[in-house]
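J.: how would this look folded up:
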Amino acid sequence: MIFAAGLGTRLKPLTDHTPKALVCVAGRPMLEHVILKLKAEGFTEIVVNIHHFGQQIIDFLEANRHFGLNIHISDERDQLLDTGGGIRKASMFFQGNEPFLVHNVDILSNMDLKALYQHHLDEKNDATLLVSERITTRYLMFDDTGRLQGWLNTKTGETKPEGFIYRPGQYKEYAFSGIHVLSPSIFHYMKGRWTGKFSIMDFYLQNCHKAMLKSCFSPDLRLIDIGKPDTLAQAERFINTM
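T.: Okay, here's the model as predicted:
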């Protein structure tokens, strides 16, 4: 599943008339870069969620004959559902036992996504989060087994979930990459109050002591967030060195 529904507010004015997913990087829309990477690594069926200028994304995919893949649309044009709500709405496409990979449209990386998927299968997690050691103000906290325990905003001192106490040196502190693999078992934990619009990270943090949510850390990971104007130029150099 590719998250392509966002408003792209960080990229204004580029997104005033264009969805973020179709903003070009090195001559190709972000969405095309992600689709081609997934295709090259063996993924054959993709769900793309849409909201902001969603028809442009539909037209783009049709004009490119869906890049030879089976691409489904999860339509959020009536209501933008955030990452968690978007995944839950798309659950109709994930009814079997096969895990699925979720990828932000504005992330480029050198990660072997097939290897990440296999790692998830081997670990038998409910969700596997690709993480890195990049500097940020928001960190996910994992124990020695790689299981998610909490979250910290270093700027404000805020922690999640309720009751989580941050102790320096006690946890492995990583930044989330925007790429994760989920098993359909995750939907079991979404029953009840997890409806409508909600963040997948809030969901993960509220359920980290129930569901098996673990990290995958690759020391060789190179990643760039291309959803900001100052990284668009960097992204072109990044693509040329991949």
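
J.: longest strand in this protein, please.
T.: When every strand of the chain is counted residue by residue (DSSP state E), the longest turns out to be strand 172-182.

J.: low pLDDT regions in the protein?
T.: Across the chain, the ranges flagged by pLDDT under 70 are 242.

J.: all strands of the chain, in order?
T.: In the chain, strands defined by DSSP E lie at 2-3, 24-25, 28-29, 45-50, 70-75, 100-104, 107-109, 127-132, 138-142, 148-153, 159-160, 172-182, 213-217, 223-225, listed in chain order.

J.: can I get the ones you listed in CSV including distance to T195 and mean neighbour count?
T.: C-beta coordinates here come from the backbone N, C-alpha and C atoms, glycine included. Output for the strands of the chain, formatted as CSV (distance: least, C-beta to C-beta, whole Å; neighbours: other C-beta atoms under 10 Å):
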stretch, distance to T195, mean neighbour count
strand 2-3, 19, 24
strand 24-25, 35, 18
strand 28-29, 32, 18
strand 45-50, 16, 22
strand 70-75, 16, 16
strand 100-104, 19, 22
strand 107-109, 27, 22
strand 127-132, 19, 25
strand 138-142, 24, 21
strand 148-153, 22, 20
strand 159-160, 20, 18
strand 172-182, 17, 21
strand 213-217, 20, 21
strand 223-225, 29, 18
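
J.: mind putting these into CSV with distance to Y189?
T.: Formatted as CSV, the strands of the chain follow (distance: least, C-beta to C-beta, whole Å):
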stretch, distance to Y189
strand 2-3, 20
strand 24-25, 35
strand 28-29, 34
strand 45-50, 20
strand 70-75, 20
strand 100-104, 16
strand 107-109, 25
strand 127-132, 10
strand 138-142, 18
strand 148-153, 13
strand 159-160, 16
strand 172-182, 11
strand 213-217, 10
strand 223-225, 27
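
J.: output the longest helix along the chain as CSV - backbone C-alpha positions only.
T.: Longest among the helix segments of the chain by residue count, using DSSP state H, is helix 229-241. The C-alpha coordinates for helix 229-241 follow below in CSV (Å, rounded to 0.1, in the frame of the first residue of the first chain):
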residue,chain,number,x,y,z
PRO,A,229,11.1,21.8,-0.5
ASP,A,230,14.6,21.8,0.8
THR,A,231,15.0,18.1,0.2
LEU,A,232,13.7,18.0,-3.4
ALA,A,233,17.1,19.0,-4.8
GLN,A,234,18.9,16.6,-2.4
ALA,A,235,16.5,13.9,-3.6
GLU,A,236,17.8,14.2,-7.2
ARG,A,237,21.4,13.6,-6.1
PHE,A,238,20.2,10.8,-3.8
ILE,A,239,18.5,9.0,-6.8
ASN,A,240,21.6,9.4,-8.9
THR,A,241,23.7,7.7,-6.3
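
J.: which elements pack onto it?
T.: Contacts defined by 3 or more C-beta pairs under 8 Å, 6 or more residues apart in numbering; DSSP states H and E place helix 229-241 against strand 24-25, strand 107-109, strand 223-225.

J.: show residues contacting the second one.
T.: Taking contacts as C-beta atoms under 8 Å, 6 or more residues apart in numbering, the residues outside strand 107-109 that touch it are 25, 33-34, 177-179, 221-226, 235, 238-239, 242.

J.: apply 10 Å and report the result again.
T.: Residues from elsewhere that reach strand 107-109 (C-beta atoms under 10 Å, 6 or more residues apart in numbering): 2-3, 25-26, 30, 33-34, 37, 103, 116, 130, 132, 177-179, 218, 221-227, 231, 234-235, 238-239, 242.

J.: now the last one
T.: With C-beta under 10 Å, 6+ apart as the test, strand 223-225 has contacts from 10, 25, 104, 106-111, 130, 132, 134, 175, 177-179, 231-232, 234-235, 237-239.

J.: distance of the closest residue to V181 other than its chain neighbours from K214?
T.: In space, not counting the residues next to it along the chain, V181 is nearest to H120; the distance is 3.9 Å by C-beta to C-beta, 6 or more residues apart in numbering. Counting by C-beta to C-beta, to the nearest Å, the separation of H120 from K214 is 9 Å.

J.: much appreciated, bye for now.
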